[in-house]
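Asks: From the sequence below, what's the structure:
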Amino acid sequence: MQISNTIKINKADFINNCPKIKAKVHSIETFGAVDGPGIRFILFLQGCHLRCLYCHNPDSWELNAGNELSLKSILKNIMAYKKFYKNGGVTISGGEPLIQHQFLFEFLSALEVLGFHSAIDTNGFIDLKYSKKCIDKANMLLLDMKEVDENDCITLTEHSNTNMLKTLQYCQSVNKCVWIRYVCVPNYTLKDEKLHKLGKMIKNYSCVEKIDLIPFHQLGAYKYKELNIKYKLESTPTPSNEDMNNARAILKEYGF
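Replies: Numbering: from 1, shown residues only. Okay, here's the model as predicted:
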């Protein structure tokens, strides 16, 4: 979705008069190509309740870390690159962006007025009483499916997957476009029975357009050492091409 020509507003005045609200920001990527359709501006917000064993950004967990940026400064940054997002848009990721749901709602509202396609990259673990209005405002969700089994999800993330499933069910009820993201971790999520269960589960949701299978990697391992956090997957290998092809073949059986 490109910048709208039908909404007659002065964009500079709109941004200068936007709500004086700030966000805790982990980082910004101006030319993202894997976090939603097209080329995208990616805003990574700070803070996450989960402690996923495979997380490659443990430095995003603490809400009060990162840089504090105003809504106005973020919008000005986006507008500086707007021509590149003609067939893309803006994705808000984290951490878990819905922790900062008050800021996120104002940000999504501004993006709507300015004509940008918006996507929330979320684990879905925030209660719907806080997340629903942001989900309604966004154009789509990138929903991180951590685990298909509740007990294994607790082992992997320290939290149940109940709210994530409720988030997916809500998206189905309002026909919100969803892309599922599933990290393939050997000895954890990368098992044939898990992938079959995922396929059987997701095929019942017409709101899901695609499933992205993401191979586990060790790129963030050094951060655990820097933060003095025990890293439990140090000896876990990256999935082979054969492993990933097998995973894709299983999901293809269910139409993905």
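
Asks: rest of the way, CA atoms for contacts and neighbours
Replies: Will do.

Asks: Residue 42 is in contact with residue 88, correct?
Replies: No: Residue 88 is not in contact with residue 42 according to C-alpha atoms under 8 Å; the separation is 10.9 Å.

Asks: can you pull out the strands in the stretch 51-200 of the chain?
Replies: Per DSSP state E, counting those that start in this stretch, the stretch 51-200 of the chain carries strands over the ranges 67-70, 89-93, 118-122, 140-144, 177-184.

Asks: what is the rounded mean pLDDT of the shortest one?
Replies: If I follow you right, that is strand 67-70. Throughout strand 67-70, pLDDT has a mean value of 97.

Asks: Provide a list of residues in contact with residue 75.
Replies: For residue 75, the contact set (C-alpha atoms under 8 Å, 6 or more residues apart in numbering) comprises residue 15.

Asks: Against residue 59, how distant is it?
Replies: According to C-alpha to C-alpha, to the nearest Å, residue 75 and residue 59 sit 24 Å apart.

Asks: next one: residue 237
Replies: Taking C-alpha to C-alpha, one finds residue 237 at 22 Å from residue 59.

Asks: circling back to that earlier point, same list, the strands of the stretch 51-200 of the chain, but as a markdown table with mean neighbour count please.
Replies: Supplementary listing: those in a markdown table, determined by neighbours: other C-alpha atoms under 10 Å:
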| stretch | mean neighbour count |
| --- | --- |
| strand 67-70 | 14 |
| strand 89-93 | 27 |
| strand 118-122 | 27 |
| strand 140-144 | 23 |
| strand 177-184 | 21 |
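
Asks: Throw those strands into a markdown table and include distance to residue 219, thanks.
Replies: Putting the strands of the stretch 51-200 of the chain into a markdown table (distance: least, C-alpha to C-alpha, whole Å) gives the following:
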| stretch | distance to residue 219 |
| --- | --- |
| strand 67-70 | 23 |
| strand 89-93 | 18 |
| strand 118-122 | 20 |
| strand 140-144 | 19 |
| strand 177-184 | 14 |
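
Asks: what about the ones you listed, which gets the closest to residue 23?
Replies: Closest of those to residue 23 is strand 67-70, at 5.5 Å (criterion: C-alpha to C-alpha).
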